[in-house]
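In: The following comprises the amino acid sequence and a computationally predicted model.
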Amino acid sequence: MNRFVLALALAALPAAAIGQAVPGQAPPGAGTTGPGQPQLAAPVPPDAFQALPELKGVVSWKTLAQVQTVKVKDRVVPQYADGVLKLNATEVKLQGFMMPLEMGDKQKQFVLAAMPPTCAFCMPGGPEQLVLVQAKAPVKYTMEPVVLSGKLAVLKDDPNGLYYRLDNAVLTTAK
C-alpha cells in the first residue's frame, strides 16, 4: 500500500482514538442521550479546527482567499482582488501542509494546503486554499506545517482549476 495513503489514513485516527472531534463527524459521545436512545448530532463545523497562525512576512491564506469565480461564456474563471494580483510574479513566503502527488520521502512537486489533510481521498479545501509547488530541490515530506519561499504565479486559466503556483520553491523559515 502506498505509504502516503496509509499515513493520511492514520492521521485522522489519533483524534478519534483520544476522543477529539474529527472533521465532518459529531463530537465523541454525541450520538446518544443514554443507553439505546439515539440522538441526532450536528456535524462539527469546519471553523472548529484551528487554522495555521499568521506569521510575519508570510502571505496569509486569508489574502489568497480574496478571489471570486465568475462565468465567462461557457467557463467559470477566477477573478482576483487587486492585492492578490500584485503578488503575481513576486517572491513570497507561504506556509501550509504538504500533499504529495507521487510516492517518495522527498517531493519536488506537491500541493501546499491551508489545512491539514483529513482524508486520503479528499482535498482539504477549495482552489483558494491550495498552491501547486514546484520545488527547486526535493523537499522531505512531513505532516507538520512548512514555510516555503518562491515566486508566486497567480493563475488565470489553469486547465486543472488551480489558482496559484509557487515556482523555484525552497524550504525556509518565517523570519
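Out: Now that the structure is in, tell me what you want to look at. Residues are numbered from 1 along each chain as shown.
In: distance of the residue most central in space within the chain from residue 86?
Out: Residue closest to the mean C-alpha point of the chain, counted by Cα atoms, centre = their mean, is residue 113 at 2.0 Å. To residue 86, residue 113 is 23 Å away according to Cβ to Cβ, to the nearest Å. Placement of C-beta: from N, CA and C, glycine included.
In: what do you get for residue 79?
Out: Residue 79 sits at a distance of 15 Å from residue 86 (criterion: Cβ to Cβ).
In: again with residue 175
Out: Separation of residue 175 from residue 86 (Cβ to Cβ) stands at 23 Å.
In: Same question for residue 136.
Out: The gap separating residue 136 from residue 86 is 24 Å, by Cβ to Cβ.
In: Mind checking which of those two has more residues around it?
Out: residue 136 (14 against 11; other Cβ atoms under 10 Å).
In: surely the more buried one meets residue 170?
Out: Yes: Residue 136 lies in contact with residue 170 (Cβ atoms under 8 Å); the separation is 5.3 Å.
In: Mutual contacts of these two, please.
Out: By the contact definition Cβ atoms under 8 Å, 6 or more residues apart in numbering, residue 136 and residue 170 are jointly contacted by residue 150.
In: and residue 134, what does it touch?
Out: Residues counted as contacts of residue 134 (Cβ under 8 Å, 6+ apart) are 108, 109, 150, 165, 166, 167, 168, 169.
In: which one of the residues you listed has the most neighbours?
Out: Result: residue 169 is most packed of the contacts of residue 134 (other Cβ under 10 Å), 28 neighbours.
In: Give me the three-state assignment for that residue.
Out: strand (DSSP: H, G, I helix; E, B strand; the rest coil).
In: so it makes contact with residue 149?
Out: Yes: shown here, residue 169 and residue 149 form a contact pair, counting by Cβ under 8 Å, at 6.7 Å.
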